[in-house]
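>>> Give me a model of this one.
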Amino acid sequence: MTDVFEVLGGDHAAVKRMLDALESSPDNSSGATEAVVAARKAVAERLIIGSSAHETAEEQYFWPTVRQLMPSGNDLADEAIEQESEAKNMLYELGKLGGGRHEFDALVDTLIPACRAHIEFEESRVWPGLRKVLSQGESQELGKKIAQAKQHSPTRPHPLTPPTPAVLATLGPAVAVVDKLRDAVAGRG
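Numbering: from 1, shown residues only. Next up, the predicted model:
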């Protein structure tokens, strides 16, 4: 059975690959072809979908665990949730932009270092301490909860939704259904 660090680490690895693809591909100012613009938009959509599910699951299960078990858990969770809120806003705006717009490229250029910094924060400042206080069984149970939550999470960022476990448990599944219906109609994801 996979533990929380394997589940979240897999998500982080996928995000890093998408960030690398966006960073290494030509943008509008460097003469991107229509195919490249479409591919960049598709990668951004995958980033939005994956990040939306990941952050919702973290806010529902991971950060409450950090708050409960780690001596500086409140401070760490508050800092991380602030980073995630900024990313949600950027991802929300990115989802509204066409890939062929210069605003899209500028937002991608801002988003890439922010995402990398957030991943680094989690992996270097939060995970080591959490590994010390979680038993293997607790780590596996938390990983299972997060993996399940991701399956029923929204596929779009909702920056105005409070990042509290109670709100996410109540509204998250309903919002996810609406998001997935919108995705099906739009052919997204």
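
>>> Please make it C-alpha for all contacts and neighbour counts, starting now.
OK.

>>> for the residue nearest to the spatial centre of the chain, phi and psi?
Closest to where the C-alpha atoms of the chain average out (CA atoms, centre = their mean) is Ser51, at 2.3 Å. Note on Ser51: its backbone torsions stand at phi -70, psi -40 [degrees, to the nearest 10].

>>> Tell me who's in contact with it.
Going by CA atoms under 8 Å, 6 or more residues apart in numbering, Ser51 touches Val15.

>>> mind checking pLDDT for it?
Here the pLDDT value assigned to Ser51 is 93.

>>> go on, the one 3 residues further on?
pLDDT recorded at His54 is 94.

>>> Equivalent analysis for Ala174, please.
52.

>>> With Glu45 instead?
Glu45 is given a pLDDT of 91.

>>> ok, so what distance separates it from Ser51?
10 Å (CA to CA, to the nearest Å).

>>> Might one say that Glu84 is in contact with Thr56?
No. The criterion here is CA atoms under 8 Å, and Glu84 misses it with Thr56 at 9.8 Å.

>>> More neighbours: these two, which one.
When Glu84 and Thr56 are compared for neighbours, Thr56 comes out ahead with 27 against 22, by other CA atoms under 10 Å.

>>> Spatially nearest residue to the more buried one (excluding sequence neighbours)?
Excluding the flanking residues, the one nearest Thr56 by CA to CA, 6 or more residues apart in numbering is Ser153, at 6.4 Å.

>>> Near the one you found, how many other residues are there?
Neighbourhood size, Ser153 [other CA under 10 Å]: 27.

>>> With Glu59 as the reference, measure out to it.
Distance from Ser153 to Glu59, by CA to CA: 11 Å.

>>> same thing with Ile112?
Ile112 is 21 Å from Glu59, where distance means CA to CA.

>>> Check whether Gly99 sits in a helix, strand or coil.
coil (DSSP: H, G, I helix; E, B strand; the rest coil).

>>> Report the contact partners of it.
37-38, 40-41, 105.

>>> switch to 7 Å and redo it
Contact analysis of Gly99 by CA atoms under 7 Å, 6 or more residues apart in numbering lists 37-38, 40-41.

>>> Now rank those residues by neighbours and give me the top one.
For the contacts of Gly99, the largest number of neighbours (other CA under 10 Å) sits with Arg40, at 26 neighbours.

>>> Now that one: closest residue in space, sequence neighbours ignored.
Spatial nearest neighbour of Arg40, chain neighbours left out: Leu22 (6.2 Å); criterion: CA to CA, 6+ apart.
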